[in-house]
Every structure is written in structure tokens, then in C-alpha cells.
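after the sequence you'll find the predicted model.
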Amino acid sequence: MSVLSKAIRACLGPVTTGDSGDLQAEAVFPSGFPGFDGHFPGKPVLPGVCLVQTAIAMLGVHRKAPVGLKRLITAKWPAPVLPGETIRLVLKPAGESIVKVSVTRGADKVAEFSLEIVTEVGSAL
């Protein structure tokens, strides 16, 4: 597991399953989080790839097995995530290997993206 992956898991709260089968979790990325390094000096903003990796980490925690990214299908980043902000991620299965992800900060939408994931052979989301 990479340094960044370990840091992301440390920022991720418990992963729970909602009534409709979606996965939910909160995350807080402190100012010392390595993803902020160089993005951007003096005005840190969480890179979108860290949100994608957080969704992948949630799936791995839930499944108790490795999950990988095959491709990013769609992505919208309407608002930045700053150090110390609490965000909420909701992952909804949208097919055998497709996951739709919504990221919010309170009532504000931070990101929406869809992922095609790679899981262990013969297993579903």
C-alpha cells in the first residue's frame, strides 16, 4: 500500500451501508495530509484524484479485498476541499463494475464522478 493510500485510509471514517445499499463515509484531510503537498503552495486544495482514491478505499474497506480503478467515466468538481473540512462520500452501484460517487460538504456539492472498478474475479460490488 502506498504512502498516499495509507494516509487516505487514516482520514476516512467508518464505512456504512445505507438502506438502499449505497456506501457512506465521512473523511477529513488535515493540513499535513500528503495530497496537499504542492497543490497549491500557500493555498492547499485537495486534488480530485485523492477523492477518487478515497472512493476506491471505501470499496476496499467494505469488501475487505483489493479494489482497483479501471477508468474514470465522468467527473465534475464544482467546489474545492480545503484542509480540515469534513466531507461525506456516498457510493452507489450502477451496474456490475460501475460506481457513482457523490461528495458533499454540508449542503454543498463538492464532486460527482463515476468509476469503472476492477474487483476480484467472480465477485460483484
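Good, I have the coordinates. This one's a predicted model, so the numbers in the text were calculated from it and none came from an experiment.

please count neighbours and contacts with C-alpha atoms only from this point.
Noted.

can you give me the end-to-end span of stretch 41-53?
Start and end residues of stretch 41-53 are separated by 22 Å (Cα to Cα, to the nearest Å).

which other residues reach stretch 97-108?
With Cα atoms under 8 Å, 6 or more residues apart in numbering as the contact definition, stretch 97-108 has outside contacts at 55, 85-94, 109-119, 124-125.

whoops, stretch 10-17 was the one
By Cα under 8 Å, 6+ apart, the surrounding residues in contact with stretch 10-17 are 23-30, 54, 58, 61-62.

how about that stretch: buried residues?
For stretch 10-17, burial by neighbour count (16 or more other Cα atoms under 10 Å) applies to 12, 15.

state the distance from Lys109 to Trp77.
8 Å.

on that earlier part again, and the contacts of stretch 10-17 as TSV, adding neighbour count and pLDDT?
Formatted as TSV, the contacts of stretch 10-17 follow (neighbours: other Cα atoms under 10 Å; pLDDT from 0 to 100):
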residue	neighbour count	pLDDT
Leu23	20	97
Gln24	21	97
Ala25	19	98
Glu26	18	98
Ala27	20	98
Val28	19	98
Phe29	23	98
Pro30	15	97
Thr54	21	98
Met58	26	97
Val61	15	94
His62	15	93
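
which member of those residues is positioned nearest Lys43?
Taking Cα to Cα as the measure, Pro30 is the one of those closest to Lys43, at 13.4 Å.
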